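S.K.: When you get a sec, could you give me coordinates for this:
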Amino acid sequence: MELKRLEELDRARVNAFLISRWFSLEMLVHGETINLSNVQGKAILESGEIIGMITWRTLDDALEILSLDSLHEGQGIGTILLEQAVAETKKQHLRRLVLTTTNDALRALRFYQRRGFDLLCLRRGVVDKARKKKPQIPLTGENGIPLHYEIDLERIL
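M.R.: Presented below is the predicted three-dimensional model:
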């Protein structure tokens, strides 16, 4: 496995990976549209192919994780990428690492809480509003759970 900054990779490949996981390069968080085609982050490659990626942006005193994807769950790829975000947070002398997920993402909630993140905020109906701007957002998410809420998590460093 090889770890690379996104800036070191062909952006078309990065964008194709993001689209395959998120349906577009536009992500809606708290009603804000974020263009993933120019965010920072890192990727893990195996035999030259992207098998995992994390993206982030800096907000005031926090590094915000925008996406974290692994094609091979249970092999430590997500943990390695999360550790890269922790290192970047420290490098920028920031005190918090934050992210937003949705109410159906039970595996993600488990993953992050086991790695020191606390639940911070639940935003009712935000996903329903986002769906009006981005109709690709499904009505039902993982495990058949109706998709309605955003959940913010935080890890203080």
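S.K.: the helices in this structure, which residues?
M.R.: Secondary structure of the chain (DSSP state H): helices at 11-22, 77-91, 106-114, 126-133.
S.K.: Go through the ones you listed and pick out the most buried.
M.R.: helix 77-91 (a mean of 17; mean count of other CB atoms under 10 Å). For every residue, glycine as well, the C-beta is placed using N, CA and C.
S.K.: burial measure for residue 136, as a count.
M.R.: 9 (other CB atoms under 10 Å).
S.K.: returning to what we had before: residue 142: which of the helices of the chain is closest?
M.R.: Nearest of these to residue 142, taken as CB to CB: helix 106-114 at 6.4 Å.
S.K.: hey, C-alpha coordinates of the closest one in PDB?
M.R.: C-alpha atoms of helix 106-114 as PDB (Å, rounded to 0.1, in the frame of the first residue of the first chain):
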ATOM      1  CA  LEU A 106     -24.400   3.200  11.900                       C
ATOM      2  CA  ARG A 107     -21.000   1.700  10.800                       C
ATOM      3  CA  ALA A 108     -19.500   5.200  10.500                       C
ATOM      4  CA  LEU A 109     -20.900   6.200  13.900                       C
ATOM      5  CA  ARG A 110     -19.400   3.100  15.500                       C
ATOM      6  CA  PHE A 111     -16.100   3.700  13.700                       C
ATOM      7  CA  TYR A 112     -15.700   7.300  14.800                       C
ATOM      8  CA  GLN A 113     -16.800   6.800  18.400                       C
ATOM      9  CA  ARG A 114     -14.400   3.900  18.900                       C
END
